[in-house]
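Student: here is my input, please return the structure:
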Amino acid sequence: MGGQDLPVPRLEGVSKEQFMEHLYPQRKPLVLEGIDLGTCTSKWTVDYLSQVGGRKEVKIHVAAVAQMDFISKNFVYRTLPFDKLVQRAAEEKHKEFFISEDEKYYLRSLGEDPRKDVADIRKQFPLLEGDIKFPKFFKEEQFFSSVFRISSPGLQLWTHYDVMDNFLIQVTGKKRVVLFSPRDAQYLYLSGTKSEVLNIDNPDLAKYPLFPKARRYECSLKAGDVLFIPALWFHNVISEEFGVGVNVFWKHLPSECYDKTDTYGNKDPTAASRAAQILDRALKTLAELPEEYRDFYARRMVLHIQDKAYSKNFE
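Tutor: Next up is the predicted model:
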C-alpha cells in the first residue's frame, strides 16, 4: 500500500481570510496548527471532564474489538453517564464492563431528541462551552452542529463520508486519519455512505482487488490540531490514545439543498437522493429487455453519464 500515501498539508497560523480566499476553494483536506481553541486543550483532562461534563446520560457504541464495523454491526449501543464514559474510555482494562474487560467505547454526542435535534455541545454540555472556541472560518448562519467524539485508545472508526464540510478539532490525545478523495469512490466498495473495507492497512485483496488504486492522504493529529475535512471526502480515524475531539459541521451549500430530516450531516442532498431513485427506476425499466439488449443499453447509459455528468474540473 505504501507508495500511494500522500501527507495532508499542515499550515500554521492561518487567518480566516487566507483560509476562505485561498485554501477553502481548493476542496482538499488540510491540518491547521496554532488556531486559538480556548483553554480546552489544557483543561479537558479526565478528571475535569468527569466533574464538569456531569452525569448526563449519553448513548455510546461498545465494541469487543478495536475495528468497528458499521455494516456487520460488531458493536452494541449502551447508555452511561457522561462522567463514567470518560473514565472508562481512558482505562485500558475495566472493572465494570458490558461485554469484556478490554472493550472499547465510542461516543458521538447527539441532540436532545436525535430524530429532530442536531448535536451542539454548547447546548448539551453548557458548562464546557466557555472552554472551547470554534474556528470561525465560516458564517454563523452556516453552522450546523458540533459533536463530541470520545474514544478508547486503539479504536478505529469505519471509512465514511459526510455531506457537509467539517473541522475535526483534536482537543486532547492523538489520532491518525486516512482520507480518500471523492474521485476514488469507485475503489472503496461502498455500502451507502460507508466503505466495506475495514482493514485499510492490510486489505483482503481477493475480496477488494481495486482498493489499492484509491489514493491515501494521511495525517497525525495531536492536541490543538484542526483537520479540515471537505464534504464527500472519505475518512478513517484511529484513536492512537485516549482523547477528545470535537467536530464542527457547517453548510457550504444553500440550506434548501440538504435533507430537512438529517440531524447527523450524512444524508445525501435531496437532489442526489431523487436522482438515485430515478436511476433505480431506469434500471428496472432496462430489466424488461433480453440480456443482450440490456447489456448494450446499460453500457450506453454509463457512457452518457460520463459524458454529461462527470466534471472535467477536478483533476
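
Student: how about the helices in the stretch 201-315 of the chain?
Tutor: 270-286, 291-308 (DSSP state H, counting those that start in this stretch).

Student: can you list those helices in CSV and add mean pLDDT and mean neighbour count?
Tutor: Where C-beta positions appear, they are placed from N, C-alpha and C, glycine not excepted. Compiled in CSV, these are given as follows (pLDDT from 0 to 100; neighbours: other C-beta atoms under 10 Å):
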stretch, mean pLDDT, mean neighbour count
helix 270-286, 95, 11
helix 291-308, 94, 11
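
Student: and Ser191, which of those is closest to it?
Tutor: Nearest to Ser191 among the helices of the stretch 201-315 of the chain is helix 270-286 (13.9 Å), distances taken as C-beta to C-beta.

Student: which helices and strands does that closest one pack with?
Tutor: If you count contacts as 3 or more C-beta pairs under 8 Å, 6 or more residues apart in numbering; DSSP states H and E, helix 270-286 packs onto helix 291-308.

Student: alpha carbons of the helix it packs on, as PDB, please.
Tutor: Extracted in PDB, the C-alpha atoms of helix 291-308 (Å, rounded to 0.1, in the frame of the first residue of the first chain):
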ATOM      1  CA  GLU A 291     -29.900  -9.700 -21.600                       C
ATOM      2  CA  GLU A 292     -28.000  -8.800 -24.800                       C
ATOM      3  CA  TYR A 293     -30.000  -5.600 -25.300                       C
ATOM      4  CA  ARG A 294     -29.900  -4.800 -21.500                       C
ATOM      5  CA  ASP A 295     -26.100  -5.100 -21.600                       C
ATOM      6  CA  PHE A 296     -25.800  -2.800 -24.600                       C
ATOM      7  CA  TYR A 297     -28.200  -0.100 -23.400                       C
ATOM      8  CA  ALA A 298     -26.700  -0.200 -19.900                       C
ATOM      9  CA  ARG A 299     -23.200   0.500 -21.400                       C
ATOM     10  CA  ARG A 300     -24.700   3.400 -23.400                       C
ATOM     11  CA  MET A 301     -26.200   4.800 -20.200                       C
ATOM     12  CA  VAL A 302     -22.800   4.600 -18.400                       C
ATOM     13  CA  LEU A 303     -21.100   6.500 -21.300                       C
ATOM     14  CA  HIS A 304     -23.900   9.000 -21.300                       C
ATOM     15  CA  ILE A 305     -23.400   9.700 -17.600                       C
ATOM     16  CA  GLN A 306     -19.700  10.000 -18.100                       C
ATOM     17  CA  ASP A 307     -20.100  12.400 -20.900                       C
ATOM     18  CA  LYS A 308     -22.900  14.600 -19.400                       C
END
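
Student: against which helices or strands is it packed?
Tutor: helix 270-286.

Student: list the contacts of the helix it packs on.
Tutor: For helix 270-286, the surrounding residues in contact (C-beta atoms under 8 Å, 6 or more residues apart in numbering) are 257-259, 267-268, 294, 297-298, 301.
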